[in-house]
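[1] predicted model, plus sequence, below.
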Amino acid sequence: MEDVRRHLQELLDHGIISETRSPYASPIVVVRKKSGKIRMCIDYRTFNSRTTVDLYTVPRVQDALDCLLGSRWFLVLELQSGYYQIPLAQEDKEKTAFICPLGFYQFERMPQGISSVPATFQRLMEKVVGDMNVTQVLVYLDDLIVFEKTLEEHEE
């Protein structure tokens with residue numbers, strides 16, 4: 001439980017979550033990683049069953065491979081905690097509420113586990129890279145693959 005306490009405090013300190021009195025509440029699930037560290041997940045199954053899912057998709061594997069064809073230089077950027085960079089609309093925050101023995105919280109930033117979050121993030125990142133999407137940059141959720149045929153193009 002001490003690992004969960006530390007994780008919650010980190011989320012609070014970074015403004016990712018805040019205490020709440022929301023009418024919604026999803027339970028947490030604690031999973032131990034291979035490294036021995038814990039991962040706190042929120043069980044949004046009930047919430048997701050009542051949500052209209054955004055069907056925007058990540059690129060198909062074959063389409064992704066096709067756009068990389070002929071490239072010789074690659075750089076992979078992982079947007080660690082990328083979802084947490086996206087603020088939630090005020091009216092949606094209480095819907096992300098979760099409860100555990102250490103308190104009752106809601107997300108201020110986009111959480112993982114909600115069915116439409118990957119689609120929302122994929123769409124946003126494609127807009128961020130703009131005209132470079134699938135010509136110089138491949139967006140796959142929180143990974144960006146920058147690719148070019150020559151080193152000079154890649155450096156540019």
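    Nice, I can see it.

[2] now the helices for the protein?
    Along the chain, the segments classed as helices by DSSP state H run 2-13, 45-49, 61-68, 90-93, 117-129, 151-155.

[3] what's the closest of these to Val30?
    Closest to Val30 of the helices of the chain, according to Cβ to Cβ: helix 2-13, at 6.1 Å. From N, CA and C alone the C-beta is placed, and that goes for glycine too.

[4] how near is the closest residue to Gln112 other than its chain neighbours to Gln90?
    Among residues not flanking Gln112 along the chain, Tyr83 sits closest, at 5.8 Å (Cβ to Cβ, 6 or more residues apart in numbering). Separation of Tyr83 from Gln90 (Cβ to Cβ, to the nearest Å): 18 Å.

[5] more crowded one of these two?
    Tyr83 (21 against 8; other Cβ atoms under 10 Å).

[6] confidence score at that one?
    Listed pLDDT for Tyr83 reads 92.

[7] contacting residues for it?
    Shown in contact with Tyr83 (Cβ atoms under 8 Å, 6 or more residues apart in numbering): Arg109, Met110, Pro111, Gln112, Val117, Phe121, Asp142.

[8] ok, so of the residues you listed, who is nearest Arg50?
    Nearest to Arg50 out of the contacts of Tyr83 is Val117 (Cβ to Cβ; 15.4 Å).

[9] for that closest one, give its distance to Leu12.
    Distance of Val117 to Leu12, given as Cβ to Cβ: 20 Å.

[10] who's more crowded, the two?
    Val117 (18 against 15).

[11] what's the pLDDT at the closest residue to that one other than its chain neighbours?
    Closest residue to Val117 apart from its sequence neighbours, by Cβ to Cβ, 6+ apart: Met110 at 5.7 Å. Per-residue confidence (pLDDT) for Met110: 95.
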